[in-house]
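[1] Need coordinates for the below:
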Amino acid sequence: MTYWGEIRTKWRFIAATCIGQAAGYSIVTYINNIFTPHLLLEFHWSRSDFARVGTALLLGILIQPITGKLGDAFGAKRVAAVGVIGGPLVFVGLSLMTGELWQFFVLTLMHLVMTSGATGPVNYSRLIVKNLDLARGSALAVAACAPAVAAALLIPALSHFIEARGWRAGYIAVAVSTAIGGALALLLIPKGADVPRPSRADEHQWSASYGFVLRSRTFHLMVSAVFLCMLSFTLQTTQLKVILLDRGIDPSTGTLAVSLFAWATIAGRLLCGIALDRFPAYAVAAVFLGLPGVGLSLLAAGITHPMGIAIAVSLLGTSLGAEGDVWAYLARQYFRPEMYGTVLGLVFSAMALSSGLGALLLSQTLKQNGGFTPFLVVSAASVFLGSGVLLFLRGHGVFMEPAEIAVHPKDAVART
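    Numbers count the residues shown, from 1 in each chain. Model (predicted):
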């Protein structure tokens with residue numbers, strides 16, 4: 001089968017992943033910025049109290065690996081159904097809030113538990129990695145772009161709707177939209193295509209055990225790399241414009257830089273996906289995830305020239321967009337399909353831990369030094385080290401137990 005032939009015959013898996021993720025938990029990243037001003041104005045919540053709700057995201061350290069393991073056991077469709085039902089119900093609950101901040105916090109927790117894993121890449125991406133080979137990287141890239149594209153198209157209309165009908169009606173509109181999108185994604189998954197079919201009676205038990213994954217040197221390298229490379233995640237997603245303003249850049253240029261960062265994120269996802277289909281995965285991962293080291297170094301050097309800023313921001317955005325493609329691809333590249341969700345869930349858990357610790361480190365350095373330069377230097381060095389770790393994946397084959405090698409000897413041969 002050819003590259004394009006695979007896309008034509010497996011389009012339903014790609015479409016289901018794109019629509020499912022666009023209608024899933026990822027949409028919260030974009031719509032919160034629309035609803036927050038209205039909630040603060042009506043309920044008189046303080047910004048500091050509201051910001052503490054974000055601590056709920058640390059629950060993702062547990063949710064992602066659990067979701068991945070459930071996906072390995074029951075398939076993406078069944079797990080996604082939980083989020084497709086639960087997500088809209090949470091939005092309805094948000095529309096009924098009476099003014100207590102704990103209500104918003106509890107609903108945020110419920111949304112995280114029911115949908116962050118079930119309707120995110122840890123679950124939906126298995127539809128692509130298990131059914132596509134030649135176009136796997138490109139398909140993952142397109143799916144990763146789907147939430148951002150959907151937000152860009154729909155958020156202006158949602159904003160106008162809220163202004164006209166109020167934020168409560170806005171939450172109802174989101175509930176209806178996500179329910180329709182989620183249901184469509186489930187219908188697109190071919191019947192029986194995602195039901196796990198272990199080749200031996202004990203394979204399911206093998207694939208469900210974290211012990212086998214945790215003993216893998218390949219997994220050790222992946223987790224080390226993701227931890228080192230994602231230390232600056234919070235800085236890139238929340239403090240980029242603040243850094244530029246701190247360097248004396250005018251606000252309009254800072255806004256343009258943030259916009260460039262968003263477009264670079266989409267471009268990075270597409271470019272990385274295409275590269276993964278054509279070059280060794282470990283090399284592509286090392287290059288794309290090493291780009292922030294250059295961007296962070298430029299910012300640490302205090303650049304103020306518009307071209308230098310554009311280069312730094314573009315490198316940061318390109319890498320941030322690529323990371324979703326990279327980890328999903330590597331999880332499938334170096335582990336048997338039955339373990340995909342377990343592995344990717346643990347990797348995303350390490351990502352959440354790194355991001356959280358990075359935020360704490362950033363907070364501490366800002367408190368002690370009053371500037372971003374120390375953290376920029378540390379995080380740049382961390383990125384370079386993490387991308388270098390990925391090069392050690394060269395020569396690694398699919399991880400298996402000794403008994404498995406006898407059954408699948410070809411899979412034990414290094415794949416680059």
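
[2] what's the neighbour count on residue 249?
    Look at residue 249: counted by other Cβ atoms under 10 Å, it has 19 neighbours. Quick note: C-beta positions are derived from backbone N, CA and C, even for glycine.

[3] Same question for residue 323.
    For residue 323, the tally of surrounding residues (other Cβ under 10 Å) stands at 23.

[4] What pLDDT is listed against it?
    Reading off the per-residue confidence, residue 323 sits at a pLDDT of 78.

[5] now for the helix or strand harbouring it, which elements pack on it?
    Of the helices and strands defined by DSSP states H and E, residue 323 is found in helix 306-334. Packed against helix 306-334 by the contact rule (3 or more Cβ pairs under 8 Å, 6 or more residues apart in numbering; DSSP states H and E) you find helix 126-129, helix 136-165, helix 217-229, helix 233-238, helix 240-246, helix 251-276, helix 281-300, helix 340-369.

[6] closest to residue 314 out of the ones you listed?
    helix 251-276 (4.5 Å; Cβ to Cβ).

[7] and the closest one, which residues are buried?
    Buried residues in helix 251-276, counted by 16 or more other Cβ atoms under 10 Å: 253-254, 256-257, 260-261, 264-276.

[8] Stretch 299-310 now?
    Of the residues in stretch 299-310, those scored as buried under the neighbour-count criterion (16+ other Cβ under 10 Å) are 299-300, 303, 309-310.

[9] how much space is there between the residue lying closest to residue 379 once chain neighbours are set aside and residue 147?
    Leaving aside its sequence neighbours, residue 379 sits nearest to residue 232 (Cβ to Cβ, 6 or more residues apart in numbering; 3.8 Å). Using Cβ to Cβ, to the nearest Å, one gets 22 Å for the distance from residue 232 to residue 147.

[10] just residue 5 next, same as before
    As judged by Cβ to Cβ, residue 5 and residue 147 stand 28 Å apart.

[11] Looking at the two, which has the bigger crowd around it?
    Here residue 5 and residue 147 are set side by side on neighbour count (other Cβ under 10 Å), and the busier one is residue 147, at 22 against 11.

[12] hey, C-alpha coordinates of stretch 140-160 in PDB?
    Output in PDB follows, covering the C-alpha atoms of stretch 140-160 (Å, rounded to 0.1, in the frame of the first residue of the first chain):
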ATOM      1  CA  LEU A 140      -0.700  12.300  14.200                       C
ATOM      2  CA  ALA A 141       0.400  15.900  13.200                       C
ATOM      3  CA  VAL A 142      -2.900  16.700  11.600                       C
ATOM      4  CA  ALA A 143      -4.800  15.300  14.600                       C
ATOM      5  CA  ALA A 144      -2.700  17.400  17.000                       C
ATOM      6  CA  CYS A 145      -3.600  20.500  15.000                       C
ATOM      7  CA  ALA A 146      -7.300  19.800  15.000                       C
ATOM      8  CA  PRO A 147      -8.200  21.400  18.400                       C
ATOM      9  CA  ALA A 148      -6.300  24.600  17.600                       C
ATOM     10  CA  VAL A 149      -7.900  24.900  14.100                       C
ATOM     11  CA  ALA A 150     -11.400  24.200  15.600                       C
ATOM     12  CA  ALA A 151     -10.800  26.900  18.200                       C
ATOM     13  CA  ALA A 152      -9.700  29.400  15.700                       C
ATOM     14  CA  LEU A 153     -12.800  28.800  13.600                       C
ATOM     15  CA  LEU A 154     -15.400  28.600  16.400                       C
ATOM     16  CA  ILE A 155     -14.200  30.900  19.200                       C
ATOM     17  CA  PRO A 156     -15.100  34.200  17.500                       C
ATOM     18  CA  ALA A 157     -18.600  33.000  17.000                       C
ATOM     19  CA  LEU A 158     -18.800  31.700  20.600                       C
ATOM     20  CA  SER A 159     -17.500  35.000  21.900                       C
ATOM     21  CA  HIS A 160     -20.200  36.900  20.100                       C
END
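
[13] Many thanks, we can stop here.
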